[in-house]
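[1] sequence? don't have it. structure:
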Ligand code: NAP
């Protein structure tokens, strides 16, 4: 499969490296490849510059959002919350229509300080916004409720724990589920919540996730839904 990962941060890099290791063709999308490659400093979160990471992953190309999306069968949104719609608009509806979009982003707004707030929230979600703006994109919200290292290596946390999928398109959710299984997620631990409006619930797990991160002092934890008997 050919994947486009929109986003050059920790999430984009982690998903891209896993997909490449599984034998997929992977292109990472960014606003301006030259600018991204020219960065020499770590970002505010301490993420090393992209060019340094790419030295260890020479098979993963960097392209504009549009070029990355144009070549892909499946697109992954790993941009910041505020960057998601601008990135998808830059990717272009013609390059996205009909494709599956795995949306991992959370609409965290840091502009009012810490902890961040969610925007949109309660009666809307980023997943729904994306689906509304791109009605022919087959949006599946997933993996947004855990740290990125766990997304591609669920065994980092011992025992049973869960990943959620939300989306309107049954076949797109099937493709997402197959991908999650290839990442190591047991099918029984994948909970299909229903249509894309259910992304409100998983995005609204972020406030408690962030507080748990602070309280526990590490990110190797996840939600386990006791009593969830099936993956459907
Ligand atoms: P991030 O720093 O949140 O986002 C970086 C990406 O966003 C970059 O590719 C950047 O583009 C793009 N971006 C920012 N503003 C933009 C704009 N105005 N227009 C277009 N693109 C824009 O990266 P991250 O920490 O890897 O997180 C990615 C997403 O995953 C976030 O939504 C986050 O909430 C979610 N998430 C993160 C984790 C985690 O473990 N960190 C876990 C679950 C969910 P350029 O490449 O051009 O700079």
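    In hand now; what should we look at? Just so it is clear, the model here is predicted, and its values are computed rather than measured.
[2] in this structure, which ranges drop under the pLDDT threshold?
    230-232 (pLDDT under 70).
[3] try 50
    By pLDDT under 50, the weakly predicted segments of the chain are 231.
[4] So which bits of it are right by the ligand?
    Counting by C-beta under 6 Å from any ligand atom, the chain comes close to the ligand at 7-12, 30-31, 36, 78-83, 86-87, 104-106, 108, 144, 147-148. Just so you know, the C-beta spots here come from the backbone N, C-alpha and C atoms, and that holds for glycine as well.
[5] Which ones among those residues lie within strands?
    30, 108 (DSSP state E).
[6] If any of the residues of the chain next to the ligand are buried, put those into a PyMOL selection.
    To isolate the buried members of these in PyMOL, using 16 or more other C-beta atoms under 10 Å:
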select buried, resi 7+8+9+10+11+12+30+36+78+79+80+81+82+83+87+104+105+106+108+144+147+148
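[7] so where do the helices sit in this structure?
    10-21, 33-38, 50-55, 65-70, 81-91, 93-96, 126-133, 148-151, 170-182, 199-203, 206-216 (DSSP state H).
[8] Summarise which helices and strands the fourth one is packed against.
    Here helix 65-70 is seen to pack against strand 2-6, strand 25-30, helix 81-91, helix 93-96 when contacts are counted using 3 or more C-beta pairs under 8 Å, 6 or more residues apart in numbering; DSSP states H and E.
[9] Please name every helix or strand in contact with the last one.
    It refers to helix 93-96. helix 65-70.
[10] repeat that for 10 Å
    strand 2-6, helix 65-70, helix 81-91 (3 or more C-beta pairs under 10 Å, 6 or more residues apart in numbering; DSSP states H and E).
[11] Can you say which of those is packed in most?
    Mean neighbours per residue, mean count of other C-beta atoms under 10 Å, is largest over those for strand 2-6, with a mean of 25.
[12] Check which helices and strands that strand sits against.
    By 3+ C-beta pairs under 10 Å, 6+ apart, strand 2-6 packs against helix 10-21, strand 25-30, helix 65-70, strand 74-77, helix 81-91, helix 93-96, strand 100-103.
[13] if you set the cut-off to 8 Å instead, what comes out?
    If contacts are counted by 3+ C-beta pairs under 8 Å, 6+ apart, strand 2-6 sits against helix 10-21, strand 25-30, helix 65-70, strand 74-77, helix 81-91.
[14] Out of these, which gets nearest to residue 160?
    Closest to residue 160 of the helices and strands packed on strand 2-6, according to C-beta to C-beta: helix 10-21, at 21.2 Å.
[15] tilt between that closest one and helix 170-182?
    Per axes from the mean of the first three to the mean of the last three C-alpha atoms, to 10 degrees, the angle that helix 10-21 makes with helix 170-182 is 80 degrees.
[16] Spit out the contact partners of the nearest residue to residue 53 once chain neighbours are set aside.
    Spatial nearest neighbour of residue 53, excluding adjacent residues (C-beta to C-beta, 6 or more residues apart in numbering): residue 13 at 5.5 Å. Applying C-beta atoms under 8 Å, 6 or more residues apart in numbering to residue 13 gives the contacts 28, 50, 53, 57.
[17] Please convert the buried members of those into PyMOL selection syntax.
    The following PyMOL line selects those of these that are buried, judged by 16+ other C-beta under 10 Å:
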select buried, resi 28+50+53
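[18] Closest to residue 131 out of the contacts of residue 13?
    residue 28 (23.2 Å).
[19] so the closest one makes contact with residue 62?
    Yes: between residue 28 and residue 62 there is a contact at 5.3 Å, judged by C-beta atoms under 8 Å.
[20] list residues touching both of those two?
    residue 8.
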